[in-house]
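**Student:** Predicted coordinates and the sequence they were generated for:
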Amino acid sequence: MDLKPNHTTVLADTTTALRRSRLGVPSGQLPYSPTGATFPHGPLLAIPRKKTGILDDVRSSGWLDAMKSSSPTHNKVSKDVSHGIVSSDADAAYFTWLLKFPSALASFEQITNCAKGKRIALFLDYDGTLSPIVDNPDRAFMSDNMRAAVKKVAEYFPTAIISGRSRDKVYEFVGVSELYYAGSHGMDIIGPLRQSVSDHHPDGIMSADKQGNEVKLFQPAAEFLPMIDEVRQLLIECTKDIKGATVENNKFCVSVHYRNVDEESWDIVGQRVYDVLKDYPRLRLTHGRKVLEVRPVIDWDKGKAVTFLLESLELNDGDDLLAIYVGDDRTDEDAFKVLREVNKGCGILVSPAPRESNAIYSLRDPSEVMEFLTSLAVWKSSIQAR
């Protein structure tokens with residue numbers, strides 16, 4: 001199946017209802033890696049600890065630039081008075097960008113015309129995809145209409161939320177029991193129990209969900225929990241005097257948010273986090289939207305979580321699978337890349353501005369995501385009614 005941009009055959013789905021398989025743990029998964037730190041250590045070691053000179057040294061390492069790159073840019077708006085038209089340089093760039101990453105809504109008819117004889121599995125990020133990006137991460141609530149759209153689409157396709165948040169937090173925000181949940185960038189996966197030999201995987205444990213149903217947990221980074229908790233406490237202590245900085249516990253990773261920190265103090269946030277992390281070589285530091293994330297050095301990401309879920313749901317065999325991943329963050333690129341490489345699905349990037357991506361399609365914001373999910377459910381319902 002060719003899912004490259006500007007090709008006619010893009011997506012496909014089954015014409016009959018897809019029966020949900022139970023989640024198990026596939027064999028052959030090797031989550032640990034002897035290497036994996038993606039945050040460059042060499043240049044950062046030269047950063048002085050004192051306040052004077054930090055800014056220049058951080059800029060030379062690209063560290064502060066990476067933090068700034070997660071900030072939204074302001075559009076340059078101009079007005080054509082004679083025609084009464086308000087134009088934007090950013091909008092013009094965006095529409096040009098759409099030629100490479102066409103809107104999944106504008107392409108929807110083409111998508112459904114090609115959706116024959118295939119099974120769809122749906123994967124969704126949370127922040128910036130199902131909910132808007134907000135100043136307070138604890139108030140990143142999804143709307144009731146979005147919740148209804150997610151619940152409806154999950155009636156027709158196996159659907160999973162894969163988020164950097166802790167699994168419990170994502171479940172609290174979404175509140176839809178029909179979904180599969182993967183928190184901490186896929187390092188904490190929960191799903192219904194399936195009896196198989198793979199259930200004996202050392203990283204899989206039995207548990208119970210909030211309704212008391214027996215479920216399977218897959219936590220490839222479980223051994224890191226004491227270390228992560230120790231680092232979280234250190235980060236809370238070392239950032240408590242930085243106005244606006246917050247530390248979020250995401251179980252298998254720790255997020256240091258600087259969205260509400262004055263930009264002139266971002267270098268201080270980065271320095272403090274680095275000073276803690278340099279003593280923990282088994283942890284790495286990555287960037288998100290105005291957030292620094294501390295994670296285990298483990299060969300596991302959202303892309304591997306997608307592969308794991310597809311194999312666990314017994315959907316990865318054959319050529320009749322179409323997996324769709326919708327996300328807005330850099331961490332979602334791993335999932336986009338996996339689907340592109342195996343040619344069994346496509347990524348949909350949620351972005352209001354041009355950006356390079358491994359995705360194939362795009363949506364502008366959560367409102368368009370909701371429209372896309374609703375359209376998928378309506379389309380599937382109409383097929384079943386025939």
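**Tutor:** Now that the structure is in, tell me what you want to look at.
**Student:** all contacts plus neighbour counts: C-alpha atoms, from now on.
**Tutor:** OK.
**Student:** which helix in this protein runs the most residues?
**Tutor:** Counting residues, the longest helix found in the chain (DSSP state H) is helix 366-384.
**Student:** From the chain's centroid, how far away is it?
**Tutor:** 21 Å (Cα atoms, centre = their mean, to the nearest Å).
**Student:** Over to stretch 351-361?
**Tutor:** That offset, for stretch 351-361, works out to 14 Å (Cα atoms, centre = their mean).
**Student:** ok, now stretch 119-129?
**Tutor:** 8 Å.
**Student:** residues in contact with that stretch?
**Tutor:** 12-14, 18, 130, 133, 140, 157-163, 170, 306, 320-329, 332, 350, 365-366, 369 (Cα atoms under 8 Å, 6 or more residues apart in numbering).
**Student:** can you give me the mean pLDDT across that stretch?
**Tutor:** Across stretch 119-129, pLDDT averages out at 95.
**Student:** So what would you say the end-to-end distance of that stretch is?
**Tutor:** Distance across stretch 119-129, first residue to last, is 23 Å (Cα to Cα, to the nearest Å).
**Student:** ok, now stretch 162-178?
**Tutor:** Note: stretch 162-178 ends 14 Å apart using Cα to Cα.
**Student:** Ok, stretch 151-165 next?
**Tutor:** Length of stretch 151-165, first residue to last, Cα to Cα: 20 Å.
**Student:** same thing with stretch 348-359?
**Tutor:** Start-to-end, stretch 348-359 (Cα to Cα) is 5 Å.
**Student:** now it, how far from the centre of its chain.
**Tutor:** 13 Å.
**Student:** What residues sit buried inside that stretch?
**Tutor:** Residues of stretch 348-359 classed as buried: 348, 349, 350, 351, 353, 354, 357, 358, 359 (neighbour count, 16 or more other Cα atoms under 10 Å).
**Student:** Which parts of the stretch 201-350 of the chain are helices?
**Tutor:** Ranges of helices in the stretch 201-350 of the chain, per DSSP state H, counting those that start in this stretch, are 225-239, 266-277, 302-312, 333-342.
**Student:** list the contacts for residue 232?
**Tutor:** 247, 249, 254 are the contacts of residue 232 under Cα under 8 Å, 6+ apart.
**Student:** thinking again about what came up before, next step: the buried residues of stretch 348-359 restricted to strands.
**Tutor:** Members of the buried residues of stretch 348-359 lying in strands (criterion: DSSP state E): 348, 349, 350.
**Student:** Between the residues you listed, which sits nearest residue 258?
**Tutor:** residue 350 (21.8 Å; Cα to Cα).
**Student:** Go through the helices of the stretch 201-350 of the chain and name the closest to residue 293.
**Tutor:** helix 266-277 (9.6 Å).
**Student:** quick one: average pLDDT of the closest one?
**Tutor:** Across helix 266-277, the average pLDDT comes to 94.
**Student:** Can I get that helix in CSV, CA atoms only?
**Tutor:** What follows is helix 266-277, C-alpha atoms only, in CSV (Å, rounded to 0.1, in the frame of the first residue of the first chain):
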residue,chain,number,x,y,z
TRP,A,266,14.5,29.7,30.5
ASP,A,267,18.3,29.3,30.5
ILE,A,268,18.1,29.0,34.3
VAL,A,269,15.4,26.2,34.0
GLY,A,270,17.5,24.3,31.5
GLN,A,271,20.7,24.7,33.6
ARG,A,272,19.0,23.5,36.8
VAL,A,273,17.5,20.4,35.0
TYR,A,274,20.9,19.6,33.4
ASP,A,275,22.7,19.9,36.7
VAL,A,276,20.4,17.2,38.1
LEU,A,277,20.5,14.9,35.1
